[in-house]
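1. Using only what follows, build the 3D model:
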Amino acid sequence: MTLTKDDLVNSLYENLDIPKSKATSIIETLLNNIKGKLESKEDVLISGFGKFCVKEKKDRRGRNPSTGEDLTLDARRVVVFKCSGVLRETVNGAGQNDLAER
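-> Numbering: from 1, shown residues only. As a prediction, this is how the structure comes out:
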């Protein structure tokens, strides 16, 4: 199942009893702040969840799959996510409990 922006808004709306317009504004502000930090090449650390980092990728050789022609792929920046130890343990612990119940 995919967690959407609308799911986040509805969660705030239902759990905190705030208007949907206010919940939408909170989620939009949060995501815009994260995007802004990443655009300026700053890391975003959310304790207990993980860290978003911008990494530089160099030019690299590639190949057009339809023509087989060699080409050079341009340098680019990518966003990478590294989960926290707490999140990793939670995810792995939940998976191990599921296997033990079978």
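
2. Buried residues in the helix or strand hosting Ser21, which are they?
-> Assigned by DSSP states H and E, Ser21 falls within helix 20-39. When burial is assessed from 16 or more other Cβ atoms under 10 Å, helix 20-39 yields the following buried residues: 23-24, 27, 38. (Each C-beta comes from the backbone N, C-alpha and C, glycine too.)

3. Pick the one among those closest to Arg63.
-> Leu38 (29.8 Å; Cβ to Cβ).

4. Was I right to think that closest one contacts Val79?
-> Yes: under the criterion of Cβ atoms under 8 Å, Leu38 makes contact with Val79 at 5.8 Å.

5. joint contacts of the two?
-> Contact criterion Cβ atoms under 8 Å, 6 or more residues apart in numbering; residues shared by Leu38 and Val79: 52, 54.

6. chain center to the helix holding Ser21: distance?
-> Distance of helix 20-39 from its chain centroid, counting by Cα atoms, centre = their mean, to the nearest Å, is 14 Å.

7. State the mean pLDDT of the helix or strand following it.
-> Per DSSP H and E, the first helix or strand lying C-terminal to helix 20-39 is strand 44-46. Averaged across strand 44-46, the pLDDT comes to 97.

8. Partner strands of strand 44-46 and their direction?
-> Sheet pairing here is set by DSSP bridges, and for strand 44-46 it gives strand 50-57 (antiparallel).
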